[in-house]
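[1] here are the coordinates; sequence isn't available:
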């Protein structure tokens with residue numbers, strides 16, 4: 001019974017929505033005046049010398065495109081709004097503290113010492129994506145949505161999670177979907 005509950009919890013966690021969602025809106029901006037959008041170029045920046053592929057950017061672009069078009073915007077080479085996408089990924093390690101029940105059994109005359117330690121349970125990547133909408137005429141950010149989530153290595157799961165998270169983020173956008 002405990003094992004099945006644990007598996008259920010893991011299954012639900014793998015489908016979970018992003019851990020963090022934050023939005024910012026420039027005060028006194030009328031969003032009904034914007035009709036078109038386009039994406040700024042995304043470039044990989046790394047600490048090393050070799051560029052790396054930024055996980056999830058094509059999926060984020062597609063999800064943002066769907067959300068903007070649901071709100072009546074159309075893509076244009078001379079847009080009213082620029083969409084700037086930034087992604088930061090970080091490798092993380094999940095650990096747990098050992099306890100006396102984890103200690104090996106010892107019988108004998110030698111001096112034995114046991115102490116608690118951190119044991120690696122899981123390694124995963126966490127990503128933070130920011131979606132900024134920039135007024136093209138004034139070159140000023142008018143809206144931003146940021147979300148943080150665990151990045152799935154399965155591309156289908158990652159795309160579904162990005163679609164869901166982007167829809168939830170744009171639910172806070174001042175122009176409702178049509």
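    Sure, I can see it. Remember, predicted model here, so these are calculated numbers, not experimental data. Numbering: from 1, shown residues only.

[2] so where does the closest residue to residue 178 other than its chain neighbours fall, helix or strand?
    Closest residue to residue 178 apart from its sequence neighbours, by CB to CB, 6 or more residues apart in numbering: residue 72 at 5.7 Å. Every residue, glycine included, has its C-beta placed from N, CA and C. Using DSSP states H and E, residue 72 sits within no helix or strand.

[3] What distance do you get for residue 72 to residue 151?
    Look at residue 72 and residue 151: by CB to CB, to the nearest Å, they are 31 Å apart.

[4] So between those two, which is more surrounded?
    Applying other CB atoms under 10 Å to residue 72 and residue 151 shows that residue 151 carries more neighbours, namely 19 against 13.

[5] need the contact list for that one.
    55-56, 89, 124-127, 158 (CB atoms under 8 Å, 6 or more residues apart in numbering).

[6] And the strands in the chain?
    Taking DSSP state E, the strands of the chain run over residues 20-25, 36-39, 74-75, 81-97, 118-135, 140-150.

[7] can you redo the ones you listed as CSV with mean pLDDT and distance to residue 60?
    Shown next, in CSV, are the strands of the chain (pLDDT from 0 to 100; distance: least, CB to CB, whole Å):
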stretch, mean pLDDT, distance to residue 60
strand 20-25, 84, 14
strand 36-39, 97, 10
strand 74-75, 97, 15
strand 81-97, 90, 6
strand 118-135, 90, 6
strand 140-150, 92, 10
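
[8] Pull the number of nearby residues for the closest residue to residue 167 other than its chain neighbours.
    Closest residue to residue 167 apart from its sequence neighbours, by CB to CB, 6+ apart: residue 67 at 6.5 Å. Applying other CB under 10 Å, we find 20 residues neighbouring residue 67.

[9] pretty sure residue 67 contacts residue 173?
    Yes - using CB atoms under 8 Å, residue 67 is in contact with residue 173, at 7.5 Å.

[10] just to revisit the earlier point, quick one: the residue nearest to residue 178 and residue 32, what's the gap?
    Taking CB to CB as the measure, residue 72 falls 9 Å from residue 32.

[11] now whichever helix in the chain runs longest: how far from the chain's centre is it?
    Determined from DSSP state H, the single longest helix within the chain is helix 155-170. Here the centre of helix 155-170 is set off from its chain's centre by 9 Å, with CA atoms, centre = their mean, to the nearest Å.
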